[in-house]
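S.K.: For reference, the sequence and a predicted model appear below.
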Amino acid sequence: MSLARRRLARKLLFALLVPTVVCVSAYALWTDLMWSQLLASGEPHEHIVREGTRRAAFGLLLLTLAVSAVVAVGVRVVTSLVGDLVEGAERKVEAAQAERRELARRIQQAQALTIVGQVAASMAHEIGSPLNTILGWARLAAAEAGVPAPLKERFELIAQQTERITRIVQRMLATARPQAHAREPVDVRAVCTEVLAFLAPDLRSRGIVASLDGDGELPRLVAVRDEVLQLVLNLAMNALQAQPRGGELRLTLSEAGTAERPALRLDVADRGPGVAPELREQVFEPFYSTKRAQGGHGLGLSIVADLVREMGGTVEVESAAGGGALFRVTLPAQRRP
């Protein structure tokens, strides 16, 4: 791990994780101290429960506000730090050779994405542990014999709000570590038909004629259907953005490979300006786009490349017959019975 990366990771941890852990830990200590003081006060049991509930609820509200403020400030800090890192790298890149500039940019981008993911997962874990403690105590207090119904409702409210924060934490962890989905045989022709039906209004408004070729029995993919749908949709959307004033979208399916190693090929062609040979590697990089004015964000083809790589296939771009771009995806397919 480079010195610059360690420094950035340390700054991000202090900006996001440390203040949040301090807030949650302070709340937990304060809650324990508060209950100890109330129990030692000699006040009637009902008064202790009522006063403790009121203070705990107010403290939880303050904790939520404090964590929200920390996250808001942390996001600004992360944005500033990543922006500073990118600007500093760009100044170094300008003085280096073209090949070294490209390598440095890719490494820098991968570092920033990795660090943000690590910080998000660590912060979610540290927040989740104290929240589970708060939830447990609230449930135990609500289940205690002799607690009046109104107080039970207040304890339940604390538990419900704590569960709400816990669900947010779980979503953060799910984002950092996406769950695997079930793989199944996928009819790619049906997926392409669904994509064209979904894009029909956009195709009509742009004056683009769409077609799907590939008659005959085609092998199926063993994949996550939603991922195949996302792959085809992103390629189709790329073709739409390349033709704002009309054109053509051609999806062609064909069988590739051999009997022992079957494969399915998907060609997505358009009549847009095409992709220059020197840019054909860059178009699959995150945040790289030649169609900003047409709504391109530079992530569609990067997602396509990642999905194809995960499925064990290949994707390449070349010039289409008659002009435009042709994206060719080849994926391993299911053997015929």
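M.R.: Cool, the structure landed.

S.K.: got the contact list for Ser319?
M.R.: Ser319 makes contact with 274-275, 325-326, according to CB atoms under 8 Å, 6 or more residues apart in numbering. C-beta: built from backbone N, CA, C; applies to glycine.

S.K.: How is this protein divided into domains?
M.R.: Split into domains by automatic domain parsing, the chain comes to 3-176, 184-332.

S.K.: Burial-wise, tell me which of those comes out on top.
M.R.: domain 184-332 (a mean of 17; mean count of other CB atoms under 10 Å).

S.K.: model confidence over it, on average?
M.R.: Taken as a whole, domain 184-332 has a mean pLDDT of 84.

S.K.: gap between it and the chain center?
M.R.: Computed by CA atoms, centre = their mean, to the nearest Å, the chain-centroid distance of domain 184-332 equals 22 Å.

S.K.: hmm, who's touching stretch 250-268?
M.R.: With CB under 8 Å, 6+ apart as the test, stretch 250-268 has contacts from 188-189, 192, 196, 210-214, 216, 218-221, 232, 235-236, 238-239, 249, 269-270, 313, 320, 326-336.

S.K.: let's see it at 7 Å
M.R.: The set of residues external to stretch 250-268 that reach it, using CB atoms under 7 Å, 6 or more residues apart in numbering, is 188-189, 192, 211-214, 218-219, 221, 235-236, 239, 269, 326-333, 335.

S.K.: Stretch 188-203 too?
M.R.: With CB under 7 Å, 6+ apart, stretch 188-203 has contacts from 210, 212, 214, 218, 221, 228-229, 232-233, 236, 240, 249, 251, 253, 264, 266.

S.K.: From the contacts of stretch 250-268, which land in helices?
M.R.: Of the contacts of stretch 250-268, the ones assigned to helices by DSSP state H are 188-189, 192, 235-236, 239.

S.K.: tell me the two of those that are most distant?
M.R.: The distance between the two most remote of these (CB to CB) is 17.9 Å, for Arg189 and Ala239.

S.K.: List just the nearest of the contacts of Ser319 to Glu90.
M.R.: Val275 (24.1 Å).
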